[in-house]
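Peer 1: Just need the structure, nothing else, for what follows:
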Amino acid sequence: MKGSMRIVLFGTSAFAVPVLEAVVGSTHQVIRCITQPDRPQGRGLEPQPSPVKLAAQRVGCPCEEPTDLRASADALRQLTPDVGVVVAYGRLIPRELFTVPRHGMLGVHPSLLPRDRGAGPIAWAILHGDSVTGVTTFRLNDQLDAGDIAMQVTEPIQSRDTALTLSQRLAARGGDVLVETLAWLERGAVAFRPQDERLATYARKLSKEDGRVDWTRQAVALDRLIRAMVPWPGSSTTWRGESLKLWSVSPRSDPGASGQPGQILAVDQEGIVVATGEGQVTLHELQLAGGRRMAARDFLLGHDLRVGEMLGQET
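Peer 2: Residues are numbered from 1 along each chain as shown. Below you'll find the model as predicted:
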């Protein structure tokens, strides 16, 4: 039966959409979505709604886009929510809102807290070479992702995961663990436990500068970097002075292949082989500035890329 608990969900990015859908499909009622205002996007910089706003419209949930959350506290209180849920909202929730819902505010975070607090946990899990990550539900407090833990689930990181593929699986797991947390919360049976501050790490949001490829690094590290940067902000190098975005590579170790870091060693059926500081990588998908994303074999049909050329050199 609908309406076991009345939920206000704060979310903005695509990660929050499966979480919203999971709650909508449960016995609980999402009485309001709170998302960030439309933002200019694309070449025309036209205002575009957030993924959560579009999802809320699709499932028939009222959605608001306040610019001042503190000013909305009274309006939220009038909704008499039982629980507030914060997932990929993109802004800190003022402490004035913590006590508005009867059961307080829950966060949904895509890491095994206290590891990887912050805005970039999925990318950093790949960058670190972690074999497992997960999702945590926790009680919000006035410190970033530091509240008491309600539940955690783990998720293996696969060898070819990108930030996108891993995010999609974690979002689905996040919806499931939140619904389970809400069921325990409704019964008053959640055993919240404090986070161990000695184990806390911070995962900042990555920037375009982080995506610049340093060919002196190990092939394995470059593979992790490029996978962690998909779909945003992306990894790039230069070829003949033009920006070249790298979408997919794989590491390899061929003792017979040697060259300077960034040097093109070979072109084969798998792609373009490039020397690194240790080992080599094969470029599988790439995109020249102003062009479209394409497989390496298609790129080679239209561009005279030569063995021996250097990537990453400014002209």
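
Peer 1: Please make it C-alpha for all contacts and neighbour counts, starting now.
Peer 2: OK.

Peer 1: Summarise which helices and strands the worst-scoring helix or strand of the chain on mean pLDDT is packed against.
Peer 2: The weakest-scoring helix or strand in the chain, judged by mean pLDDT, DSSP states H and E, is strand 39-41 (a mean of 88). The contact analysis (3 or more Cα pairs under 8 Å, 6 or more residues apart in numbering; DSSP states H and E) places strand 39-41 against strand 46-48.

Peer 1: Tell me the spacing between residue 38 and residue 50.
Peer 2: Separation of residue 38 from residue 50 (Cα to Cα, to the nearest Å): 6 Å.

Peer 1: Of these two, which one has the most company?
Peer 2: More crowded of residue 38 and residue 50, by other Cα atoms under 10 Å: residue 50, with 19 against 13.

Peer 1: Below-threshold pLDDT in the stretch 1-150 of the chain: ranges please.
Peer 2: Scanning the stretch 1-150 of the chain for pLDDT under 70 picks out 1-3.

Peer 1: all strands of it, in order?
Peer 2: Taking DSSP state E, counting those that start in this stretch to define them, one finds strands in the stretch 1-150 of the chain at 6-11, 29-34, 39-41, 46-48, 63-64, 83-87, 105-109, 132-139, 149-156.

Peer 1: got the ones you listed as CSV, with mean neighbour count and distance to residue 169 columns?
Peer 2: As requested, the strands of the stretch 1-150 of the chain are exported to CSV (neighbours: other Cα atoms under 10 Å; distance: least, Cα to Cα, whole Å):
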stretch, mean neighbour count, distance to residue 169
strand 6-11, 25, 17
strand 29-34, 22, 22
strand 39-41, 12, 26
strand 46-48, 12, 25
strand 63-64, 18, 25
strand 83-87, 25, 15
strand 105-109, 25, 13
strand 132-139, 24, 10
strand 149-156, 19, 8
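
Peer 1: will you turn the ones you listed into a markdown table that also has distance to residue 97?
Peer 2: Output for these, formatted as a markdown table (distance: least, Cα to Cα, whole Å):
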| stretch | distance to residue 97 |
| --- | --- |
| strand 6-11 | 11 |
| strand 29-34 | 13 |
| strand 39-41 | 24 |
| strand 46-48 | 27 |
| strand 63-64 | 15 |
| strand 83-87 | 9 |
| strand 105-109 | 8 |
| strand 132-139 | 13 |
| strand 149-156 | 19 |
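
Peer 1: wait, which of these is closest to residue 236?
Peer 2: Closest to residue 236 of the strands of the stretch 1-150 of the chain is strand 39-41 (Cα to Cα; 21.2 Å).

Peer 1: strands paired with the closest one, and their directions?
Peer 2: According to DSSP bridges, strand 39-41 forms sheet pairs with strand 46-48 (antiparallel).

Peer 1: Correct me if wrong, but residue 300 is in a helix.
Peer 2: Yes: according to DSSP: H, G, I helix; E, B strand; the rest coil, residue 300 belongs to a helix.

Peer 1: hang on, the earlier thing: who's in contact with the least confident helix or strand of the chain?
Peer 2: Outside of strand 39-41, the residues within contact range by Cα atoms under 8 Å, 6 or more residues apart in numbering are 46, 47, 48, 49, 50.

Peer 1: how near is the third one to residue 5?
Peer 2: Think residue 48. Look at residue 48 and residue 5: by Cα to Cα, they are 31 Å apart.

Peer 1: do the fourth one as well
Peer 2: Summarising the geometry, the distance separating residue 49 from residue 5, computed by Cα to Cα, is 27 Å.

Peer 1: buried stuff in stretch 246-261?
Peer 2: Neighbour counts over stretch 246-261 (16 or more other Cα atoms under 10 Å) mark 246, 247, 248, 249, 250, 251, 252, 258, 259, 261 as buried.

Peer 1: tell me which residues in stretch 86-102 are buried?
Peer 2: Quick answer for stretch 86-102 (16+ other Cα under 10 Å): 86, 87, 88, 89, 93, 97, 98, 100, 101.

Peer 1: Test my guess that the second one contacts residue 17.
Peer 2: No: with contact defined as Cα atoms under 8 Å, residue 87 does not count as touching residue 17 (9.2 Å).

Peer 1: Kindly state the domain boundaries assigned to the chain.
Peer 2: Listed by automatic domain parsing, the domain ranges of the chain are 6-199, 209-302.

Peer 1: I'd like the ones you listed laid out as CSV, including distance to residue 313.
Peer 2: As requested, the domains of the chain are arranged in CSV below (distance: least, Cα to Cα, whole Å):
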stretch, distance to residue 313
domain 6-199, 24
domain 209-302, 6
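
Peer 1: Can you tell me which of the ones you listed is nearest to residue 312?
Peer 2: Nearest to residue 312, of all the domains of the chain, is domain 209-302, at 4.6 Å by Cα to Cα.
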